[in-house]
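**Q** Generate a structure from the sequence data that follows.
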Amino acid sequence: MPSAQTASAVDRTALSSKAPPRPPWAAVAVATAAAVTGLVALVGLGFVMGQALLIPPLAASAALVYGAPALPLAQPRSVIGGQLLSACVGFAVHAVAGSSLWAAAVAGGLALGAMMAARTPHSPAAATAVIVVVTEPDALLYLPLLALAAALLVLVGVLAARLRPGSAYPTYWW
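**A** Presented below is the predicted three-dimensional model:
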């Protein structure tokens, strides 16, 4: 029969988290400040332009770029390329199937496949394909604005990396 000491050690092991350790507080502060800066910059620039630049998938993109800058999903190729490719998939699905939740679901799934095939994986971009089908924006206006917004998030990520000791962003451009 196990001793009380052994049972206690087993209980602590079973309850311990397997999550990665918390980043240093300086990294948390820089990532948070960068996220606020990048997203507020999208709102401000959009206000000046009279266009909405902040869409929910871009907030998720910001979380990847600033919170996990070393991930392949956070690299400029994936952020910008994945967003634009997924939007194009959304426009193509809309052209074929119209605007419905069924078509939006298909667009989100097809966007994943297109990004994987193009080596531009960026999970938030699948939601951009859905948004395109549901909201039916003008492609000639939407695509350049999306490219601008994604590039702005990447630029803030490059600047934020300079403030975080031992951090390099991007890991690769292309």
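**Q** residue boundaries of the strands in this protein?
**A** With DSSP state E applied, the chain shows no strands anywhere along its length.
**Q** Show me the residue sitting in the middle of it in space.
**A** Nearest residue to the geometric centre of the chain (Cα atoms, centre = their mean): residue 61, 2.0 Å.
**Q** So for that one, what's the pLDDT?
**A** Here, the pLDDT recorded for residue 61 equals 98.
**Q** show me what contacts the nearest residue to residue 163 once chain neighbours are set aside?
**A** With sequence-adjacent residues excluded and distances taken as Cβ to Cβ, 6 or more residues apart in numbering, residue 163 is closest to residue 30, at 5.1 Å. Quick note: C-beta positions are derived from backbone N, CA and C, even for glycine. Taking Cβ atoms under 8 Å, 6 or more residues apart in numbering as the criterion, residue 30 is in contact with 66, 160, 163-164.
**Q** mind redoing it with 6 Å?
**A** For residue 30, the contacting residues are 160, 163-164, by Cβ atoms under 6 Å, 6 or more residues apart in numbering.
**Q** Just read off the phi/psi values of residue 168.
**A** With angles defined as degrees, to the nearest 10, residue 168 sits at phi -130, psi 120.
**Q** Relative to residue 47, how far out is it?
**A** From residue 168 across to residue 47, the span is 32 Å (Cβ to Cβ, to the nearest Å).
**Q** mind listing the helices for this protein?
**A** Counting by DSSP state H, the chain has helices at residues 4-15, 25-49, 56-67, 76-97, 101-118, 123-135, 139-163.
**Q** Let me have these in JSON lines, extended by distance to residue 174.
**A** Below are these laid out as JSON lines (distance: least, Cβ to Cβ, whole Å):
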{"stretch": "helix 4-15", "distance to residue 174": "44"}
{"stretch": "helix 25-49", "distance to residue 174": "21"}
{"stretch": "helix 56-67", "distance to residue 174": "16"}
{"stretch": "helix 76-97", "distance to residue 174": "5"}
{"stretch": "helix 101-118", "distance to residue 174": "12"}
{"stretch": "helix 123-135", "distance to residue 174": "17"}
{"stretch": "helix 139-163", "distance to residue 174": "12"}
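**Q** just these: most buried one?
**A** Per residue and on average, the most neighbours among the helices of the chain fall to helix 123-135, with a mean of 24 (mean count of other Cβ atoms under 10 Å).
**Q** Report the angle between it and helix 101-118.
**A** 150 degrees (axes from the mean of the first three to the mean of the last three Cα atoms, to 10 degrees).
**Q** can you dump the C-alpha coordinates of helix 123-135 into CSV?
**A** What follows is helix 123-135, C-alpha atoms only, in CSV (Å, rounded to 0.1, in the frame of the first residue of the first chain):
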residue,chain,number,x,y,z
SER,A,123,-5.9,30.3,-38.8
PRO,A,124,-7.6,33.7,-38.3
ALA,A,125,-7.8,34.1,-42.1
ALA,A,126,-10.3,31.3,-42.4
ALA,A,127,-12.7,33.6,-40.6
THR,A,128,-12.0,36.3,-43.2
ALA,A,129,-13.3,34.0,-45.9
VAL,A,130,-16.5,33.6,-43.9
ILE,A,131,-16.9,37.3,-43.4
VAL,A,132,-16.5,37.9,-47.1
VAL,A,133,-19.3,35.5,-48.0
VAL,A,134,-21.6,36.8,-45.3
THR,A,135,-21.0,40.6,-45.7
